[in-house]
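In: dropping the sequence and predicted coords here.
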Amino acid sequence: MRTRIDRISFVGLGLGLAAIMAGQLLEGGRLSSLFQPAALVIVLGGTMGATMLQTRFPIFMRGMRMGRWAFVTPMQPPDDMIRKLVGWAQLSRREGILVLEKHVETEPDPFIRKGVQLLVDGADSERLREVMEVEITTYENTLRQAARVWDAAAGYSPTVGILGAVLGLIHVMENLGDPTRLGAGIATAFVATIYGVGAANLLFLPIGRKLQAQVSLLISVRELFVDGLVGIANGDNPRIIESRLLGYVAPIPD
């Protein structure tokens, strides 16, 4: 699967962080006061722990790996898939369905290989669609569960930030007799809240939403593929198949 760098994600994240830092400077504060290792450990560690507790390990790990999709997007261009399917439709009309068997081993995607193999093995269009749609449903459910890992982190992060704030205030109360240690405790308390809310709204929630959008695109391409295979199985004219499949990539009106 090809990938491309999603520049708007980098720009958006950079803009959000820059706005917070600029606001801190405009208020007369120092950037160094925003960097508190203790608060960072509390928020990130607590959020990850809570997220792991509610999620099965394979789903959690898949969600972590999918996080890079927000910045390096997987690509399955529907236009390429349409051209491939129309070419197969033309070839099968000229030489028969069995000629597509040579394409089974050359396809890197197991989903595409399975669909073409079913077609070559003589599966009728209804059975072909039934089998492939089960595969699509399983694939979609797995990806969406993994993407929701980031939504879960966004839900826990602000609360863990508040816990960090309470811990910081406890530390302050324990050291009321030592004024030199009060500043660090108060800073940790408030910065933990900033980390919790900021991580949820600038990182976890946006990544989760973008992953859901990417999953929808991947599923759409798979549905397009199945629709094309069914057209080939029915012996539809390649032009009819192409016209139907182009509906999946119709431009959004202004």
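Out: Nice, I can see it. Numbering: from 1, shown residues only.
In: got the contact list for the residue positioned nearest the centre of the chain?
Out: Taking C-alpha atoms, centre = their mean, the centroid of the chain lies closest to residue 211, which sits 2.1 Å from it. Counting by C-beta atoms under 8 Å, 6 or more residues apart in numbering, residue 211 touches 66-67, 69-70, 146-147, 150. (Glycine included, C-beta is placed from N, CA and C.)
In: in terms of pLDDT, where does it sit?
Out: Residue 211 carries a pLDDT value of 94.
In: give me phi/psi at it?
Out: phi -60, psi -40 (degrees, to the nearest 10).
In: what separation is there between it and residue 9?
Out: With the distance defined as C-beta to C-beta, to the nearest Å, residue 211 ends up 11 Å from residue 9.
In: name the helices or strands packed onto the strand or helix carrying residue 119?
Out: Here residue 119 sits within helix 110-120, counting by DSSP states H and E. Applying 3 or more C-beta pairs under 8 Å, 6 or more residues apart in numbering; DSSP states H and E, one finds that helix 110-120 makes contact with helix 125-174, helix 205-233.
In: export those to TSV and tack on distance to residue 17?
Out: Output for these, formatted as TSV (distance: least, C-beta to C-beta, whole Å):
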stretch	distance to residue 17
helix 125-174	16
helix 205-233	12
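In: between the ones you listed, which one is nearest to residue 32?
Out: helix 125-174 (16.8 Å; C-beta to C-beta).
In: how about the contacts made by the nearest residue to residue 40 once chain neighbours are set aside?
Out: Leaving out its chain neighbours, the residue that sits closest to residue 40 by C-beta to C-beta, 6 or more residues apart in numbering is residue 195, at 6.1 Å. The contact partners of residue 195, by C-beta under 8 Å, 6+ apart, come to 36, 39-40, 43-44, 161, 164.
In: for the stretch 101-250 of the chain, give me the ranges with low pLDDT.
Out: Scanning the stretch 101-250 of the chain with the threshold set as pLDDT under 70 gives 177-185, 187-188, 250.
In: for stretch 98-114, buried residues please.
Out: 100, 103, 111-112 (16 or more other C-beta atoms under 10 Å).
In: got it, and stretch 54-66?
Out: Quick answer for stretch 54-66 (16+ other C-beta under 10 Å): 55, 59-60, 62-63, 66.
In: could you dump those to JSON lines with distance to residue 126, pLDDT and secondary structure?
Out: Listed next are those as JSON lines, based on distance: C-beta to C-beta, whole Å; pLDDT from 0 to 100; DSSP: H, G, I helix; E, B strand; the rest coil:
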{"residue": "55", "distance to residue 126": "37", "pLDDT": "92", "secondary structure": "coil"}
{"residue": "59", "distance to residue 126": "32", "pLDDT": "95", "secondary structure": "helix"}
{"residue": "60", "distance to residue 126": "38", "pLDDT": "95", "secondary structure": "helix"}
{"residue": "62", "distance to residue 126": "32", "pLDDT": "95", "secondary structure": "helix"}
{"residue": "63", "distance to residue 126": "35", "pLDDT": "95", "secondary structure": "helix"}
{"residue": "66", "distance to residue 126": "33", "pLDDT": "93", "secondary structure": "helix"}
